[in-house]
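Enquirer: sequence and predicted structure, then a few things I'm wondering about:
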Amino acid sequence: MSLPPLVEPASELTVDEVRRYSRHLIIPDVGMDGQKRLKNAKVLCVGAGGLGSPALMYLAAAGVGTLGIVEFDEVDESNLQRQIIHSQADIGRPKAESARDSVLGINPYVNVVLHEGRLEADNVMEIFSQYDLIVDGTDNFATRYLVNDACVLLNKPYVWGSIYRFDGQASVFWSEHGPCYRCLYPEPPPPGMVPSCAEGGVLGVLCASIGSIQVTEAIKVLTGTGDPLVGRLMIYDALEMTYRQVKVRKDPDCAVCGPNPTVTELIDYEAFCGVVSEEAQEAAAGSTITPKQLKEWIDDGESIDIIDVREPNEYEIVSIPGARLIPKNDFLMGGALQDLPQDKKIVLHCKTGVRSAEVLAVLKSAGFSDAVHVGGGVIGWVNQIEPEKPVY
């Protein structure tokens, strides 16, 4: 559906701005009026990572007058494979500051506003109220539901994107004109069911494909051009190089944007999404050891069976000495239980401790009452025991 422009046009463009945006100005559907609207627009990017990098760069190049950046993290070497707004020299710097410098290097006429900290229920309404449109580049379900609910409550449109390995999705959620994120995904997946990019990986260039779609949609909504992805989900498969669309209808029973909403204020999104299941939390209570404890057990010759529940490609990057690989899914399907020894203590680990806690719950329910897992996983092991090894 075509929608009216989201923002009013600025009073004028300077001579320098006319020269800079000339290729926009000669497009009839954008023209002087559309470019003035972009200049007057205030857009917030949630995250300056994989999706936020191309989004911020192209929003800046397009001439969006005010760009806000919400980001709490620092630049890590593992980010550079896909987060192109940062460079080698930025490693260790706050991502928000690195992104700001890159944006101003692209377009000095942009006003950049930094919100350095985590986006949370106690600050999201105040931050979002300052902007016309939100671009969601987050990679966790708790923040996605937080962004959605805040936008619905504030009647703000937002452009959503998601990436994983070779697949990407994008849509525009605007409850005034169509469905919201909860209409598409009423409930988050069970904890541990959907791996994050840090666990499953992502093709770096996929960020550019989905991030550029997000910026295209943002420009369309701001200027009232074309047919935005309101009520449509764009699905991209990079391996097959295919795009397809799925219609998304407004859910009359939606908890937040339906006629009889049950969510009328922000909630505890970590609890709602259950970052770690209750079963895993219960299993890990009193059955979590540190990497240093594991090292002591290895050095003392304790009778233990160290099991790595990550995926084979992760195991190839780095592993704990003596650990054998049995991926998490093998436990969830039940096939791995019969191969576990009865005369050794089982020590589970994954990358950071989330997946191993889920597997620990499976083992506890199967009768392995003395099984434990390593808090912090292989990342904790490398940081504390073998800092010369790579991390990912």
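Expert: That came through, no problem.
Enquirer: for the stretch 201-350 of the chain, what spans make up the helices?
Expert: 206-223, 269-273, 278-284, 291-299, 312-317, 328-332 (DSSP state H, counting those that start in this stretch).
Enquirer: by mean pLDDT, show me the worst of the ones you listed.
Expert: Among the helices of the stretch 201-350 of the chain, helix 269-273 has the lowest mean pLDDT, at a mean of 82.
Enquirer: doesn't L119 make contact with I127?
Expert: Yes: using C-beta atoms under 8 Å, I127 is in contact with L119, at 7.1 Å. C-betas here are computed from N, CA, C, even on glycine.
Enquirer: for the closest residue in space to G201 that isn't next to it in sequence, list each beta-bridge partner.
Expert: Nearest residue to G201, sequence neighbours excluded (C-beta to C-beta, 6 or more residues apart in numbering): R165, at 5.8 Å. Beta-bridge partners recorded for R165 (DSSP bridges): V202.
Enquirer: R165: how many residues sit nearby?
Expert: R165: 14 surrounding residues under other C-beta atoms under 10 Å.
Enquirer: next one, pLDDT for it please.
Expert: In this model, R165 carries a pLDDT of 94.
Enquirer: same question, the one 5 residues further on
Expert: Model confidence at A170, expressed as pLDDT, equals 98.
Enquirer: partner residues bridging it?
Expert: The bridge-partner assignment for A170, based on DSSP bridges, gives G161, M234.
Enquirer: next: V112.
Expert: Beta-bridge pairing for V112 (DSSP bridges): L67.
Enquirer: overlap in contacts, I127 and L119.
Expert: Taking C-beta atoms under 8 Å, 6 or more residues apart in numbering as the criterion, I127 and L119 both touch V70.
Enquirer: show me what stretch 130-139 is in contact with.
Expert: For stretch 130-139, contacts defined as C-beta under 8 Å, 6+ apart pick out 6-7, 41-52, 55, 59, 66, 68, 113, 119, 128, 144, 147, 151, 156-161, 163, 196-197, 211, 214-215, 218, 221-222.
Enquirer: domain-wise, how is the chain divided?
Expert: As given by the TED database, the domain ranges for the chain are 13-272, 276-383.
Enquirer: would JSON lines of those with distance to V391 be doable?
Expert: Converted to JSON lines, the domains of the chain look like this (distance: least, C-beta to C-beta, whole Å):
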{"stretch": "domain 13-272", "distance to V391": "7"}
{"stretch": "domain 276-383", "distance to V391": "5"}
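Enquirer: who wins for proximity to S2 among the ones you listed?
Expert: Ranking those by proximity to S2 (C-beta to C-beta) places domain 13-272 first, at 5.7 Å.
Enquirer: before we move on, the earlier item: most neighbours per residue, which of the helices of the stretch 201-350 of the chain?
Expert: helix 206-223 (a mean of 24; mean count of other C-beta atoms under 10 Å).
Enquirer: tell me the gap between that one and the middle of its chain.
Expert: For helix 206-223, the separation from the chain centroid amounts to 16 Å (computed by C-alpha atoms, centre = their mean, to the nearest Å).
Enquirer: before we move on, the earlier item: can you pull the contacts of the residue nearest to G201?
Expert: Each residue near R165 by C-beta under 8 Å, 6+ apart is listed here: G200, G201, V202, L203, L206.
Enquirer: mind redoing it with 7 Å?
Expert: G200, G201, V202, L203 (C-beta atoms under 7 Å, 6 or more residues apart in numbering).
Enquirer: next up, the contacts around L340.
Expert: Applying C-beta under 7 Å, 6+ apart to L340 gives the contacts I346, F368.
Enquirer: if I read this right, R310 contacts K351, doesn't it?
Expert: Yes: counting by C-beta atoms under 7 Å, R310 does reach K351; the two are 6.0 Å apart.
Enquirer: about what we covered before: mind checking which of the contacts of stretch 130-139 are in strands?
Expert: Using DSSP state E, the members of the contacts of stretch 130-139 that fall within strands are 42-46, 66, 68, 113, 158-161, 163.
Enquirer: now E265, nearest residue through space, not along the chain?
Expert: With C-beta to C-beta, 6+ apart, the residue lying closest to E265 is L153, at 7.4 Å.
Enquirer: the one you found is in what secondary structure piece?
Expert: helix 141-154 (DSSP states H and E).
Enquirer: tell me the buried residues in that helix?
Expert: 141-153 (16 or more other C-beta atoms under 10 Å).
Enquirer: separation between L119 and C180?
Expert: 17 Å (C-beta to C-beta, to the nearest Å).
Enquirer: look at those two and report which has more neighbours.
Expert: Taking other C-beta under 10 Å, L119 and C180 do not tie; C180 has more neighbours (26 against 23).
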